[in-house]
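S.K.: Predicted model follows, preceded by the sequence.
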Amino acid sequence: MSGIRNACALLLGTSALISATSVFAQTTDAPAQDDQIIVVTGSQIQGAKINDVLPVTVLDEYAIEATGAASGEELFTAIPQVGTTAFNEQNTTGGVNGARGDIASINLRDLGTGNTLMLINGRRMNLHPGFQTELLVPVVSPDTNEIAPGSVKRLEILRDGASAVYGADAVAGVINTILKGNMTGGFLEADWRASDGTSLYSTSISGGYGFDFADSRANLTVYGGYFHENGAPVTIRDYAAYDDRRRLLEGTPFEDDASFNNRSTSSPFGQFDIQAPASRTPIGDDDFYLQPSTFPGCRMDFGGGICARNGTTPTTDVRYNTNFGVDLFSRKDRYNAAALFNYDLSDAVQFYLEGSYYRSESRRANEASALLSAVPVGISRTAYYNPFGPVGSPNRLPGTTIAAGGADVIMERMRFVDVGTRDVSVTKDSYRLVAGFKGNLGEWDFDTGFVYSQANSTDLTRGRISLTKLQDVINRTTPDAYNPFNGGCLDDPNNGDCTPNPQSVIDDITIDVFRKGETTLALADFKVSRDDLFTLPGGDVGIATGIEFRRETFRDDRDPRLDGTITFTDSVTGDFNGSDVVGSSPSPDTSGRRDVYSAFAEAFIPLVSEDMNIPLIRDLNVQIAGRMEHFKDIDETTVVPRAAASWTPVQGILFRGAWSKGFRAPNLVQVNDAGTTRSNTRDDFVVCQAQVEKGIIADLGSCSGSGTVSFRSGTDALNPEKTQSINLGVVLEPEFIPGLTLTADYWHIKQKGIVGVFGDDNAIALDLLRRLNGGTNPNVIREAPDADAIALFTGTSLAPAGSIIQVLDPYLNLDSRVSKGWDFGFFYNVPDFGIGDIRLRLNAARLKSFVQSAGPEGQELLDAIAAGTLPADVAVGGLGELLEIEGRPKWRLSGSMGWSSGPVDVTLFGKYIGKVYDTSVTRDDPIISDNPNANFYVVSDQFTMNASVSYTIDNDTALSGTRLKFGINNLFNEDPPLADESYGYFSELHSARGRQFVVELRKKF
């Protein structure tokens, strides 16, 4: 809490550390400007005075600018209720199978990506044509970077479930982006930003113009922009440049903790298995790996300063820094353009048209390719560089005891650093067209429209390696073969490769690999509403109803070497792999289509008004709504209700509450995934239990992992996830402090049937449990036990078991989840004392609890661990209280202070993110504590602040309307808190941009 107190003190007590102009310059809790109509997200009734019933935060242009955001991602992460951003360019999860490039997702309340509905001008936004995995499950999201901050007139964030009003994926809430339209005049703006002490910079230019015509019955507004960022390597940040971060933990309880040494066992110094009896090898073992000869443990000299050491686990000193040569920020370009047109056909009917285009291009260097542990490559005994080839072969090592005919070698671990980093470029084009009519049909307002949106992306990776070509080139019998036995750099084995193969040889094994995605959204709707259907003593009753049809499609087209068209069969071992790309599991093409039919009805009922003079009930208003949706592809129909109310007992105090049921249909990837294979390193607890009972290893904690193939698949039998939401709040506007608004809202959300996977590690643990009881887990498919396996299991409590072939891990409606928390708001427009306008804002989100419950099989494991049937070394992750675990801090807040007087405007904006625990790092010497997370590594909280000052020329010259602005984002140059992640920090929570200097020139005309 000390971090919270300090942050609040900075925000509210010291003008030098408060924060940039009213980031929440307007909310529905505070009075709106007289000249601005607030269209409240959460109601379809036009004109209904429903603002106070709903917990809605509204950001106008002034507030949006105050955040200092250069992208949609930066804009939305300035809102405390917006959770982790799983889709981001520093997230390396999934590699080519993940959503990559210049992207950002949305995740209100941290309820999961895909649970937030994004609207543009009141109609839903298309999804990004790619997906990411959360808890091993594919999730989808709109790309918030498609929304350029300079094109936004207003943001409306409904912090409550709204499935009954808007439909699926509004479980966590709704964000409605209102674009600039109906402009008369124009603007031009140029922006330059640079990160202090680095080579990273960006530039942008944008502009727009609008005008009325046809006797002011029509308006056309057009605008567009261009953004460029040059990109930067990991070397700009010490915490990102090197995988071994133990040096950054000196003096802490985690000093020298091996978990922060993330150097890879896959390096240019390869690991091999000689296909000969261990007793016949010169190393005394059939398994060996290469290392510099100066390292201890050498068993055989390979020449050139390289030796072989026996075993399968390379010494720590030879492990590789995978971030060598990698980019932290991609080089990117964004283009956006939009046109908004409206024409009054009559006094009662208006035609409107919206069109927009967005393009992004990004390019970055990713880590060098490495073999998957489950897909080794055979090296023939006749291969030119095989050190154990037949007698007389050119590179047979002198003194070897291998038989005269030579021996094949299996290459089990290798990082192809001499091939170079993978060059990844991602381009995306997104189009959106909206056309419709709105107006009046007698006493009724109506709005009917059609939306078509399409997004296409191409993910192209240069410098990948074909398994087939690699094996062919390695097994050449001539000097132009690829040599995997030459190691890396002797003086610095962790970085680079000082003995690369010739470029001509590398060219023979490298390929380009693509992934193409497409999503489309076609939507047609018709809505009618009336805010005065009839009158009650409390006021006019409003009603809305409507129907909607939408069609969503998804297509994921993989490279032929990934989708099973071109496969790999090892010419030495005969093993088959569905992917022909080094380091990538097979991934089939996927496509799907969803047709959704829906209808809704909503009513706003004012039960009591001030005029009725009822004691302690100044106002009492109710909103009720219901929605039906039918999903054709999964043949599911869902009906959900919503009820909300507000009560004003006395002037200045308002209580509000809402109850609703919601749903989220499984996304098209979860339904249509024909089967994706993933290779992971997993502990085979069954084999290890036998080793424990035989005294080979001490306990299951010492179990040595091996490559395990997991098969995940979708199904149209998945059901929609069900949700129940409760929101209770209070709004205070004391008369004795004019301009002050205080808000507090409590929310509670329960989700059932969450789509997930049981997890291959949990499936193997369940296989052990059931084998201890004489059964098996059918989802763990094993080979028949061979003689070695039978010998191992003899005399143990388990029947013999063979090696794992694969683990079936389909998507299922598994678990339930309950999350709850508080939102707090402070909004104060300081009365005019003659020193200028002063605005103070604070918005805080407090996550109280986030509990994930187990499904039946997960509970079976937990019960067995609690009973001692399974040892505590078998952990079941992702269950129980997940507050502050990974990306769910207790507190997030942002606040602002703005002062303006005449042409000068000074703004300050601050953002606080609470601490979280990194569960991948635990204390070597555990402590006893009531805090269940006490032994995990603490990722510290962080407070950052932006500051800016601007001057606007206002005179009768051509410069009138010109504004010069200078700003500093992250004023105190705060580094992101250290975490055990790819680049040393949680990219879904924090930024590595550091202090940024901003210069902006704007001209209105």
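M.R.: Right, received. Where do you want to start?
S.K.: number of nearby residues for A278?
M.R.: A278: 12 surrounding residues under other Cβ atoms under 10 Å. C-betas here are computed from N, CA, C, even on glycine.
S.K.: List the backbone torsions phi and psi for it.
M.R.: The phi and psi torsions at A278 (degrees, to the nearest 10) take the values phi -60, psi -30.
S.K.: and F758, how many neighbours does it have?
M.R.: 23.
S.K.: And it, what's its pLDDT?
M.R.: pLDDT, F758: 85.
S.K.: how much space between it and S369?
M.R.: 30 Å (Cβ to Cβ, to the nearest Å).
S.K.: now E73
M.R.: Taking Cβ to Cβ, one finds E73 at 29 Å from S369.
S.K.: ditto for I410
M.R.: 18 Å.
S.K.: Of these two, which one has the most company?
M.R.: Taking other Cβ under 10 Å, I410 and S369 do not tie; S369 has more neighbours (25 against 19).
S.K.: was I right about the more buried one contacting I511?
M.R.: No. Assessed by Cβ atoms under 8 Å, S369 is found out of contact with I511, at 10.6 Å.
S.K.: and the longest strand anywhere in the chain, which residues are buried?
M.R.: Secondary structure of the chain per DSSP state E: the longest strand is strand 510-536. Neighbour-count burial for strand 510-536 flags 510-511, 513-523, 525, 527-531, 533 (criterion: 16 or more other Cβ atoms under 10 Å).
S.K.: do stretch 686-702 as well
M.R.: Buried residues in stretch 686-702 (16+ other Cβ under 10 Å): V686, V687, C688, Q689, A690, Q691, V692, I697, L700.
S.K.: For the residues you listed, give me a markdown table that also has secondary structure and distance to S585.
M.R.: Listed next are these as a markdown table, based on DSSP: H, G, I helix; E, B strand; the rest coil; distance: Cβ to Cβ, whole Å:
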| residue | secondary structure | distance to S585 |
| --- | --- | --- |
| V686 | helix | 23 |
| V687 | helix | 23 |
| C688 | helix | 24 |
| Q689 | helix | 28 |
| A690 | helix | 28 |
| Q691 | helix | 28 |
| V692 | helix | 30 |
| I697 | coil | 29 |
| L700 | helix | 26 |
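S.K.: tell me which of those residues is nearest to G442?
M.R.: Within the buried residues of stretch 686-702, the smallest distance to G442 is 73.5 Å, found for V686 (Cβ to Cβ).
S.K.: so that closest one touches A763, yeah?
M.R.: No. The pair V686 and A763 fails to qualify as a contact (Cβ under 8 Å) at a distance of 11.3 Å.
S.K.: Tell me the spacing between E189 and F576.
M.R.: 57 Å.
S.K.: Same question for T715.
M.R.: 25 Å.
S.K.: which one of the two has more residues nearby?
M.R.: Taking other Cβ under 10 Å, T715 and F576 do not tie; T715 has more neighbours (14 against 10).
S.K.: Quick check, central residue of this structure?
M.R.: A86 (0.9 Å; Cα atoms, centre = their mean).
S.K.: Now do the contacts for that one.
M.R.: Listed by Cβ atoms under 8 Å, 6 or more residues apart in numbering, the contact partners of A86 are S105, N107, T113, Q132, E134, V139, S141, E988.
S.K.: Flag the shaky bits of this protein, pLDDT-wise.
M.R.: For the chain, applying pLDDT under 70 flags the ranges 1-41, 47-52, 94.
S.K.: Great, nothing more from me.
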